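Chemist: quick check, what structure comes out for this input:
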Amino acid sequence: MHIQFCGAAREVTGSAHLITLDDGYKILLDCGLYQGNSREMEDFNESFLFDAESIDCLILSHAHIDHTGRVPKLVKDGFKGQIYATHATRSLCAIMLLDSAFIQEKDAEYYNKKNGKFGKGKQPLYTRKDVKPTMDRFVGLPYDIWERIHPDVEIQYRDAGHILGSGSVTLRITRDNGKTTTIGFTGDIGRPNRPILRDPKKMPACDYIICESTYGDREHDLPPDELDRFLRIIKKTCVEDKGKLLIPAFSVGRTQEIVYMLDRLESSGKLPNIPVYVDSPLAVNATTVFGSHPECYDNDLHEYMLTDDNPFGFNNLRYIREVEDSKALNFLKGPAIIISASGMMNAGRSKHHLRNTMGDKKNTIFIVGYCAPQTPGGRLRDGATGLKLFGKYHELRADVVTMDSFSAHGDRSEMLDFLDGQQQHCKEIFLVHGTIDRMDTFSEGLKERGFKKVRAPQLEDVVYI
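Modeler: The predicted structure follows:
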């Protein structure tokens, strides 16, 4: 049996890991889209390191596009197996993959128009027509139940607390010699004591673990001050400076969390009387999906809903779908909060809002999550004084504020705590979904906790177990 690392190997996006059993049965863990501008990865999304037809089944950890964004391409290229996911992940994928397909189509159209190429120009990875046959292959699975997906393989999802429907994956595999090997895949590890979702639940004892390492070298801001600091930023930008607060946020998870926090501030009478816009059709649809899966909510949200039955809506909040309504936000007079995707500002409506807000010193760009280094968000986090957007350089005059406590990814201590207890069983941990500097720091922490062997595989590496 062996594992090949086919994505998110010393990178933070493009998750894909291929397990080949003793009998040749092939299990693919995630099939994500690379999101970034690294020259070494520019052709990654166009092809696979394996034959799509040879994959027997696909298991998804959660619905984020860097974990699911190439699934329609996999099906388009010949995959004929079943796609396993939690019920909420399946619901989210139904809207997120359509959105991703639309973006693929528009990107290809823009490229071909810009470069004067027609007919044989750039083609999208997949189109919206490819999504339905993809969704037909989904099989929804519950949390905490062992399910047999092959005569020699059982799977169990446990809530990872990262986004709605996210789960760690544990595979219990019977080998040719009759012995059992247990492989764990953390997916993206969430955080305890976050709004909306339940806390991450530890995996069963594993012999080998494929583990994310996104924030393996740092600690997040402490949550107790989070709501107060958020309110201070709102008051400084929108009340004192009378500016606009742009919050680039992922449509799924982050947007709902921010809206829920604003809802709580509004319910308590603390939120200033200013308009709030969620400018993302995907976020609107995703919020509807959130409302359909209360089984994923934590106890605090259930209790809050006893007094407020809509935690994702209040009087000054407006959800925007139409392009013309989105463009109208550029001409707003006076203060406002604009929540818009994508969270890295490398695509979608937030990139346009960035262009229109970054040049005014009254405004604030509030970055509330991870941004890949080469994206506009990543460059702003690293101190850029200006950005080239849509072919033109724009000077930065607005404030840039970051707040990593919003992150849906566990920090170094939270990930170490999630893995604690595996030391006596785990023979080796394979670090993925992170940059090598963060992996090195996280590896040191794991070894200090008693893990004997930790490795950071490179793309295409094969490990025999």
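Chemist: alpha carbons only for contacts and neighbour counts from here, please
Modeler: Noted.
Chemist: list the contacts for residue 101?
Modeler: 124, 125, 126, 127, 128, 131 (C-alpha atoms under 8 Å, 6 or more residues apart in numbering).
Chemist: make JSON lines out of those and add distance to residue 204, pLDDT and neighbour count.
Modeler: As requested, those are exported to JSON lines (distance: C-alpha to C-alpha, whole Å; pLDDT from 0 to 100; neighbours: other C-alpha atoms under 10 Å):
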{"residue": "124", "distance to residue 204": "40", "pLDDT": "93", "neighbour count": "17"}
{"residue": "125", "distance to residue 204": "37", "pLDDT": "95", "neighbour count": "20"}
{"residue": "126", "distance to residue 204": "37", "pLDDT": "97", "neighbour count": "25"}
{"residue": "127", "distance to residue 204": "39", "pLDDT": "97", "neighbour count": "21"}
{"residue": "128", "distance to residue 204": "38", "pLDDT": "97", "neighbour count": "16"}
{"residue": "131", "distance to residue 204": "33", "pLDDT": "98", "neighbour count": "24"}
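Chemist: and those, which is closest to residue 46?
Modeler: Nearest to residue 46 among the contacts of residue 101, counting by C-alpha to C-alpha, is residue 125 at 6.8 Å.
Chemist: surely that closest one touches residue 104?
Modeler: Yes - at 6.4 Å, residue 125 counts as touching residue 104 under the criterion of C-alpha atoms under 8 Å.
Chemist: in strands, which of the contacts of residue 101 fall?
Modeler: Residues of the contacts of residue 101 located in strands (DSSP state E): none.
Chemist: can you list the residues you listed in CSV and add distance to residue 212?
Modeler: As requested, the contacts of residue 101 are exported to CSV (distance: C-alpha to C-alpha, whole Å):
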residue, distance to residue 212
124, 29
125, 26
126, 27
127, 30
128, 30
131, 27
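Chemist: and which of those residues is nearest to residue 152?
Modeler: Ranked by distance to residue 152 (C-alpha to C-alpha), the contacts of residue 101 are led by residue 131 at 30.2 Å.
Chemist: next one: that closest one from residue 1, what distance?
Modeler: Per C-alpha to C-alpha, to the nearest Å, residue 131 is found 32 Å from residue 1.
Chemist: same question for residue 86.
Modeler: Applying C-alpha to C-alpha, the value for residue 86 to residue 1 is 26 Å.
Chemist: what's the answer for residue 305, then?
Modeler: Taking C-alpha to C-alpha, one finds residue 305 at 48 Å from residue 1.
Chemist: cool, residue 355 as well?
Modeler: Using C-alpha to C-alpha, one gets 50 Å for the distance from residue 355 to residue 1.
Chemist: neighbour count winner among residue 86 and residue 1?
Modeler: Remark: of residue 86 and residue 1, residue 86 carries more neighbours, 25 against 16, as counted by other C-alpha atoms under 10 Å.
Chemist: residues contacting the more buried one?
Modeler: Contacts for residue 86 (C-alpha under 8 Å, 6+ apart) come out as 62, 140, 141, 142, 143, 157, 165, 166, 167.
Chemist: again, only this time at 6 Å
Modeler: 140, 141, 142, 165 (C-alpha atoms under 6 Å, 6 or more residues apart in numbering).
Chemist: redo the residues you listed as CSV? Include neighbour count.
Modeler: CSV is the format used below for those (neighbours: other C-alpha atoms under 10 Å):
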residue, neighbour count
140, 14
141, 19
142, 17
165, 28
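Chemist: ok, those residues vs residue 450, which is closest?
Modeler: Nearest to residue 450 among the contacts of residue 86: residue 165, at 30.7 Å, using C-alpha to C-alpha.
Chemist: give me the neighbour count for residue 402.
Modeler: Residue 402: 14 surrounding residues under other C-alpha under 10 Å.
Chemist: contacts for the strand or helix carrying residue 429 next, please.
Modeler: Taking DSSP states H and E as the definition, residue 429 sits inside strand 428-432. Residues from elsewhere that reach strand 428-432 (C-alpha under 6 Å, 6+ apart): 8, 9, 208, 209, 210, 211, 212, 453, 454, 455, 456.
Chemist: what sits up against the helix or strand following that strand?
Modeler: Next helix or strand after strand 428-432 toward the C-terminus (DSSP H and E): helix 436-448. For helix 436-448, contacts defined as C-alpha under 6 Å, 6+ apart pick out 10, 213, 216, 217.
Chemist: 7 Å instead?
Modeler: Residues from elsewhere that reach helix 436-448, judged by C-alpha atoms under 7 Å, 6 or more residues apart in numbering: 10, 213, 215, 216, 217, 412, 416, 431, 454, 456.
Chemist: please enumerate the helices of the protein.
Modeler: 65-68, 71-76, 87-115, 131-135, 226-234, 254-267, 281-291, 299-304, 323-328, 348-357, 376-381, 412-419, 436-448 (DSSP state H).
Chemist: these: which one's closest to residue 21?
Modeler: Among the helices of the chain, the nearest to residue 21 by C-alpha to C-alpha is helix 71-76 (20.1 Å).
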